[in-house]
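Engineer: Sequence and predicted structure below; questions after.
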Amino acid sequence: MAEVASGSEELVLAFLAEAADDFVSGEAISGKLGLSRAAVWKHVNALRGQGYRIEAVSARGYRLTAIPDRLGSLEIGPLLNTQELGHVLHCSVELPSTNDRARELADAGADHGEVVIAESQTAGRGRRGRTWASPAGRNLYLSVVLRPNLPPQRAPEITLVASVAACDACRKAGVEAGIKWPNDLLVGGRKVAGILTELSAEPDLVHWVVLGIGVNLNSGPADFPAELRGVATSLSIERGQPVPRALFAAALLSELEQWLDRHASEGFAPIRAAWCERSVTLGREVRVDADGGELTGVAEDIDASGALLVRGKGGLVRIVSGDVRMVARVDPAGA
């Protein structure tokens, strides 16, 4: 396991990443970071040994031309532009579950914004106890430790905040995702991402929230279990080209922090509006499998707490939890 630290190697990489396609002189790097030119050269060679492609041209300096497709602190750290999220990264090649590890860290006192990332999960979990397929080196599996200043009854709002943030990250990556209540992301009716939220709380106090997000980035059809191939997809399938995973991870954390900050300062109202705007559930006839049985009706809205409001034969029903399957789109004009 590795964590982001302000080591010289990472600082050299961050300096090169910030320059984008431009060359940076060794003199500029050594002056900025307080390193000798020989030390800069040593760190550049060490980075090359880890799979980074760094061009060196006499009188021009160094230029970063490619980074390995890996989700480690060296890959993600220099790309972060967040204030809190991800500034401590716990990166592993394999974990049973990033959520389980994040819960352990939260119980041990992890700070707000610490992030757990794994290249693969052996026991990844989705909602309602389902398994989350987690092939190695393809996708993004991360969990964030949050310590929100919220009463426990408002903690479910965090799930909808995350769904809006993840939806926006997918859209900015070139895929027009939408949100199926409460927190699945769909593209063309097929699932591309899911969110699992867990918390520790007392009646009047939230100790922590662990927010798990799984996004299918570069999975191909053969990477999905046979039973999921007709209902799952990935960003790379939808956009026709691979997704740089470290860049997407950093972008997702940025979107999440922005929406969390807005939620903290403005409350749930703007989150609700944004969620409704991105929803693929509202205005559809749905079938809901909830603890109280099965209900069929039209998904009309979500209320001020994020519960789904479905109008069935017996009137308007408030759904707090359950599985939603979309049946048909309803024309509000009745045409």
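Structural biologist: The structure has been received and is ready for your questions. Residues are numbered from 1 along each chain as shown.

Engineer: And the strands in the stretch 1-150 of the chain?
Structural biologist: 53-57, 61-66, 89-95, 115-121, 140-146 (DSSP state E, counting those that start in this stretch).

Engineer: Quick one: mean pLDDT for the fourth one?
Structural biologist: Mean pLDDT, strand 115-121: 95.

Engineer: List the buried residues of stretch 69-85.
Structural biologist: For stretch 69-85, a neighbour-count test (16 or more other CB atoms under 10 Å) marks 69-80, 82, 84-85 as buried. Any C-beta I mention is one placed from the backbone N, CA and C, and that applies to glycine too.

Engineer: about what we covered before: looking at the strands of the stretch 1-150 of the chain, which is closest to residue 193?
Structural biologist: Among those, the nearest to residue 193 by CB to CB is strand 140-146 (8.6 Å).

Engineer: Run the angle between the next helix or strand after that closest one and strand 140-146 for me.
Structural biologist: As assigned by DSSP states H and E, the chain's next helix or strand after strand 140-146 is helix 157-172. Using axes from the mean of the first three to the mean of the last three CA atoms, to 10 degrees, the direction of helix 157-172 lies 140 degrees away from that of strand 140-146.

Engineer: And helix 157-172, what does it pack against?
Structural biologist: In terms of contacts (3 or more CB pairs under 8 Å, 6 or more residues apart in numbering; DSSP states H and E), helix 157-172 is packed against strand 178-180, strand 184-187, strand 190-202, strand 205-215, helix 245-266, helix 269-278.

Engineer: Looking at the ones you listed, spot the one closest to residue 145.
Structural biologist: Judging these by CB to CB, what sits closest to residue 145 is strand 205-215, at 6.0 Å.

Engineer: helix or strand right after the closest one?
Structural biologist: Following strand 205-215 in sequence order, the next helix or strand is helix 235-239 (DSSP H and E).

Engineer: so where's the stretch 101-250 of the chain shaky on pLDDT?
Structural biologist: Filtered on pLDDT under 70, the stretch 101-250 of the chain yields the residue ranges 126-133.

Engineer: Enumerate every residue touching residue 248.
Structural biologist: 140, 169, 173, 215, 217, 235 (CB atoms under 8 Å, 6 or more residues apart in numbering).

Engineer: ugh, typo on my part, it should be residue 230
Structural biologist: residue 190.

Engineer: Ignoring the adjacent residues along the chain, who's closest to residue 237?
Structural biologist: Counting by CB to CB, 6 or more residues apart in numbering, residue 220 is the residue found nearest to residue 237 once chain neighbours are left out, at 7.0 Å.

Engineer: what's near enough to touch the one you found?
Structural biologist: Counting by CB under 8 Å, 6+ apart, residue 220 makes contact with 234, 236-237.

Engineer: Over to residue 318?
Structural biologist: Going by CB under 8 Å, 6+ apart, residue 318 touches 303, 307-309.

Engineer: right, and the pair among the residues you listed with maximum separation?
Structural biologist: Maximum pairwise distance in the contacts of residue 318, criterion CB to CB, is 8.2 Å, between 303 and 308.

Engineer: Just want to know which of these two has more residues nearby.
Structural biologist: Neighbour count, other CB atoms under 10 Å: between residue 303 and residue 308, residue 308 has more, with 24 against 12.

Engineer: That one and residue 280, how far apart?
Structural biologist: Using CB to CB, to the nearest Å, we find residue 308 at a distance of 13 Å from residue 280.

Engineer: Residue 62 now?
Structural biologist: Remark: distance between residue 62 and residue 280 (CB to CB) = 46 Å.

Engineer: Could you measure from residue 205 over to residue 149?
Structural biologist: In terms of CB to CB, residue 205 sits 10 Å off from residue 149.

Engineer: sorry, back to before: make a markdown table out of the strands of the stretch 1-150 of the chain and add mean neighbour count and distance to residue 315.
Structural biologist: Below are these laid out as a markdown table (neighbours: other CB atoms under 10 Å; distance: least, CB to CB, whole Å):
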| stretch | mean neighbour count | distance to residue 315 |
| --- | --- | --- |
| strand 53-57 | 13 | 62 |
| strand 61-66 | 17 | 59 |
| strand 89-95 | 20 | 46 |
| strand 115-121 | 24 | 42 |
| strand 140-146 | 26 | 36 |
